[in-house]
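Visitor: I'll drop the sequence and a predicted model, then ask my questions.
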Amino acid sequence: MRKRLTKTLLFLPLLAYTAFSAGPYLWTAMMSLRTTDEIYRSHYGLPIPAHWGKYYTAWTEFGYATYFRNSTIVSVVSVLLVTVIGAMGAFAFARRRYAFPLREPLFLLIFLSIMFPPQIMLLALFQILVQYKLFNTLAGLILVYVATELPLTIYLLRAFFAQIPQELEDAARIDGCGDWAMFWRVMFPIALPAVATTVILNLIYFWNEFLYAVIFITKQGIRTLPLAIQFLVSDQYFDIGMLATGLMIATLPVLVLYLFLSEWFVKGMTAGAIKG
Amino acid sequence: MFLGPTVALYLAFTIYPVLVTFFNSVHTLRMDLGMQYEYVGLEHFQEILASDEVFWRAARNSLTWGLVAPVIDIPLALLLALGLYGRVPFAKFFRTVWFTPVLMSYPVVGVIWLWVYNYDWGMANLVLRAIGLGEYAQAWLASPTTALPALILVTTWMFAGFNMVVMLAAIHAIPLEYLDAARVDGADGWRRTVYIVIPLMRPTMINLAILDFIGKMKQFALVWVMTRGGPMWGTETVATYVIKRAFEWKTLDLGYPSAIAVIWFIIIFGLSYAFTRLLQRREVLEF
C-alpha cells in the first residue's frame, strides 16, 4: 500500500514534465491545422474542422516545396559524402596496416577539432567560399557541412573498425582481397550498425543546421528549411496559422522517422554526445 | 589512399580557415575595398578587452548561459532518469516524448517559444494565470532581466531529455552485483541511489555538464531567431556579436570579429580544460 502511494507520488512529477516537454509542440501541431482567423479567436481551440489543405497551400504557395527540396539535397548529399569519406578515413586510422608516422598526432588533432566553436572558422570560410565562387551555392554549403561533421564521424567509426579482429583481415587477404575490396566487401559491411548511427546523427545535424546556412546562403531560391523559417517568421509574423503549418513540415519527416526508428535515433544522437 | 579525401577536406575547410582567422585577427580586412589587408598588430585585442562594452556584456551573457544551464539541466536530467529507473509504467513512452525536442532545429524551437512567451496568449502566461500567479505574467522576452533566463529555459527544454537518455544508459550500465550487495547489506532504495548510483554516475554527469557548457558558450541560433540579442543587449552572446560585427554593423571589417572569435576560442578551450581537471581531481581526492 505504502509502496503504491510512493509510486503514484513519483508518477506525478513525471507527468508534469511530460506536459512541459510535449505541450508546446502539440499546441503547434493543433495550430497547424487551424486558420489564423480561428487561432486569433481562440488560441487553444481544437482543430475542428481540421484544415489539412493548409499543408498543400504551404507547400505550393509559400515556397516550402523549394525549401524542402533544398534541405533534402543538402542533407542527403552531405550524409553520403561524409559517410563514405569518413568511413574510409576511419578505416585508415584504425588498422595497423596503414600506420604512418604522425598518424596518431593527426588523429588527435582531428579529435580535438570536434569541439572547435564554429566561429573560429566561420568568417574565414565565408572569405574562402566567396573567393572560390562557392558562396551562395548549395555545393559550398555541402562542402562545409561535410568538413564540420567529418571529425566526429571518423572518431565514432574508428573505434568500431579498431575492434574488428586482425584474423579476419588476414583471412580475407589470404583469399586474395586487395585493400579496396577489403574495405568495401569486408570491413564496411561489418561496420554497418556503427555507420547507421553516424548516418542518423549527421542527417539530423544537417537537416537542422542554421549558423552556416544563414551566413553562406542569401538567395531565397536556395534557402534550406531552418533558414526559410527564420525569414518567414519576420515576414509573416502575424500569420501564425501558416507558420505553424510550416514548422510541422520542417519537423515531421524527422519525427516520423524517429517514431519508427527511435532506438536508432537515441543511439545515434547519444553517440554524438561527445560534441558540444 | 583511404585518407586522401579526409586530409584534403580537413586541411581546406578546418585547419586553413582556423589559421586564416588567426591571421585576420591581427589585420583589418575591409570588405568594401576588395578585401584589403592592413596589419594592425594586437590593436583589435586591446580594443576588445579594454573598451568594448558590448563584448563584455555578450561575454557575461554567454558565460552565464554556459554556467547556469548545466546546473539546471544535469540535476533535472538525473531526477528524470532516476524516475524512469524506478520501473514506472509507460517508461518507454516518457523517454520517447522527452527526447523529441532535441530533434528539432533552433529556428523551429525559437518560433514555438516565441509563441509560448507571448504576453497575451502564450502558454507561459496562460499557466501562470491558471494557477493564480497572474500578477507574474509578463512579456518575458521584452525585458533585459527576464529575456536571458527565458532563453535558458528553452535550451533546458531542448536538452534535458537528451541528457536524461545518456544518464539512463549509464545507470543501466552499473553492474547489478553492486546494487544486490548493497541490498543484502540492508540499504534501502533511497540509500542505494545516493551512495551507489549517483557516485558511479559522476563521470557521465561531468562529461555531460562540460558538453552542455561548451554548447551554451557557442549559442547563436536560438538568440538569432528569438531576440537578435535584445532587448538592450540582454541576450547578446559572443557568437551573435561576432556575426553582427562582421555582417550587420557597417564597419565592413572582418579582422575585428575574427579577433573576438580568437579570444572566445581560447576562453572556451581554457575553461573546458580547467573544469575537466578540477572536477576530475576532486574525484580522485574522494577515494
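Guide: On my side now, so go ahead.
Visitor: Could you use CA atoms for every contact and neighbour count after this?
Guide: Fine.
Visitor: Which residue, other than its chain neighbours, is closest to A:Ala50?
Guide: Closest residue in space to A:Ala50, ignoring its immediate chain neighbours: A:Leu33 at 5.2 Å, by C-alpha to C-alpha, 6 or more residues apart in numbering or on different chains.
Visitor: Would you mind confirming that B:Val54 is in contact with B:Gly234?
Guide: No: counting by C-alpha atoms under 8 Å, no contact exists between B:Val54 and B:Gly234, whose distance comes to 10.2 Å.
Visitor: These two: which is more packed in?
Guide: Shown here are B:Val54 and B:Gly234; by other C-alpha atoms under 10 Å in any protein chain shown, B:Gly234 has more neighbours (22 against 16).
Visitor: What pLDDT is listed against that one?
Guide: pLDDT, B:Gly234: 88.
Visitor: Check A:Lys3 too.
Guide: For A:Lys3, pLDDT reads 69.
Visitor: repeat for B:Leu200
Guide: pLDDT, read off for B:Leu200, is 84.
Visitor: Now for it: which residues touch it?
Guide: By C-alpha atoms under 8 Å, 6 or more residues apart in numbering or on different chains, the contact set of B:Leu200 is B:Ile174.
Visitor: Can you tell me the element it falls in?
Guide: helix B:198-217 (DSSP states H and E).
Visitor: chain center to that helix: distance?
Guide: 12 Å (C-alpha atoms, centre = their mean, to the nearest Å).
Visitor: Is whichever helix or strand comes after it in proximity to chain A?
Guide: For helix B:198-217, the following helix or strand on the C-terminal side (DSSP H and E) is helix B:221-226. Yes: using C-alpha under 8 Å from any C-alpha of the partner chain, we find that helix B:221-226 touches chain A at B:221, B:225.
Visitor: For the residue nearest to A:Ala50, give me its contacts.
Guide: Here A:Leu33 is in contact with A:47, A:50-52, A:54, A:241, A:245 (C-alpha under 8 Å, 6+ apart).
Visitor: Show me which residues of the stretch 151-276 of chain A sit near chain B.
Guide: Applying C-alpha under 8 Å from any C-alpha, one finds that the stretch 151-276 of chain A approaches chain B through A:204, A:207-211, A:226-227, A:229-230, A:233, A:247, A:250-251, A:254-255, A:262, A:266, A:270, A:273-276.
Visitor: Quick one: the strands in the stretch 151-287 of chain B, in order.
Guide: Here the stretch 151-287 of chain B has no strands by DSSP state E, counting those that start in this stretch.
Visitor: which intervals of it have sub-threshold pLDDT?
Guide: For the stretch 151-287 of chain B, applying pLDDT under 70 flags the ranges B:281-287.
Visitor: Flag every residue of it that's near chain A.
Guide: Close to chain A, as judged by C-alpha under 8 Å from any C-alpha, the stretch 151-287 of chain B has residues B:157, B:162, B:165-166, B:208, B:211-215, B:218, B:220-221, B:225, B:239, B:242, B:246, B:254, B:258, B:261-262, B:265.
Visitor: rerun that using 7 Å as the cut-off
Guide: Within the stretch 151-287 of chain B, the positions near chain A by C-alpha under 7 Å from any C-alpha of the partner chain are B:157, B:166, B:211-212, B:214-215, B:218, B:221, B:225, B:239, B:261-262, B:265.
Visitor: burial count for A:Ala22?
Guide: 17.
Visitor: In three-state terms, how would it be classified?
Guide: helix (DSSP: H, G, I helix; E, B strand; the rest coil).
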